[in-house]
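J.: only geometry, no sequence info:
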């Protein structure tokens, strides 16, 4: 099973810098071990507030208990709080696993975005229109995956039906991402939240330099 984990670290005030450096070094080494074992799939940095120390990670484990064992084994857990969300397979997921970031034609790396979709069908909408858009969504998702703009899709835990969807999109910038999202047939029937991601030094996809996971 896959899990999205929001990890926030709070180093106690007065902690010597050499202690912090030691924990971060051990964290980096252990993260590489967990990646080799197939437990750490991706790591990203979301937009950060001044002084904030936060990472978003994609993890794999047999169940919630197994995930907790993985997270508890990480050296930074002594100062870190983790918020995990279980992800479920989505029928339109274009891939079974994460891939490296695509590149722009000029060689600069593309930007990855986590996009959260929640159903928000306007009142008095003809159900036939929603059904048609849902059917067309499958073809458009396949096109975006083929174009390198959509990497993954997951279902999110919720009592709402249809359940929310989380997508990992790739675009040159926010403008291109917005154009991509507006091209989705279900765009008029969804509330959308986006999170711009930047590379993490311990990302197993190889976009970083192997530093500690914060």
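T.: Perfect, thanks for sending it. Keep in mind the model is a prediction, meaning the values are calculated, not measured.

J.: Show me the shaky parts of this structure.
T.: Along the chain, segments meeting pLDDT under 70 span 95-108, 207-214.

J.: Show the residue spans covered by the helices in it.
T.: Along the chain, the segments classed as helices by DSSP state H run 17-36, 64-72, 127-146, 174-182.

J.: Return the set of buried residues in the last one.
T.: Right, the one you point to is helix 174-182. For helix 174-182, burial by neighbour count (16 or more other Cβ atoms under 10 Å) applies to 177, 180, 181. All C-beta spots, glycine's among them, are computed from the backbone N, C-alpha and C.

J.: quick one: the second one and residue 190, what's the gap?
T.: As defined by Cβ to Cβ, to the nearest Å, residue 180 lies at a distance of 13 Å from residue 190.

J.: The last one too?
T.: Computed with Cβ to Cβ, the distance linking residue 181 and residue 190 is 9 Å.

J.: closest to residue 44 out of the helices of the chain?
T.: Nearest to residue 44, of all the helices of the chain, is helix 17-36, at 13.2 Å by Cβ to Cβ.

J.: Quick check: buried residues in stretch 17-35?
T.: Residues of stretch 17-35 classed as buried by neighbour count (16+ other Cβ under 10 Å): 20, 23, 24, 27, 28, 30, 31, 34, 35.

J.: scratch that, stretch 194-211 is what I was asking about
T.: For stretch 194-211, burial by neighbour count (16+ other Cβ under 10 Å) applies to 194, 196, 197, 199, 200, 201, 202, 203, 204, 205, 207, 208.

J.: so can I have a markdown table of those showing distance to residue 146?
T.: Output for the buried residues of stretch 194-211, formatted as a markdown table (distance: Cβ to Cβ, whole Å):
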| residue | distance to residue 146 |
| --- | --- |
| 194 | 22 |
| 196 | 23 |
| 197 | 22 |
| 199 | 24 |
| 200 | 27 |
| 201 | 31 |
| 202 | 30 |
| 203 | 24 |
| 204 | 24 |
| 205 | 20 |
| 207 | 22 |
| 208 | 27 |
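
J.: and this structure, what are its domains?
T.: What automatic domain parsing lists as the domains of the chain is 2-87, 111-198.

J.: can you redo those as JSON lines with distance to residue 93?
T.: Listed next are these as JSON lines, based on distance: least, Cβ to Cβ, whole Å:
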{"stretch": "domain 2-87", "distance to residue 93": "10"}
{"stretch": "domain 111-198", "distance to residue 93": "4"}
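
J.: just to revisit the earlier point, of the buried residues of stretch 194-211, just say which sits nearest to residue 7.
T.: residue 200 (10.6 Å).
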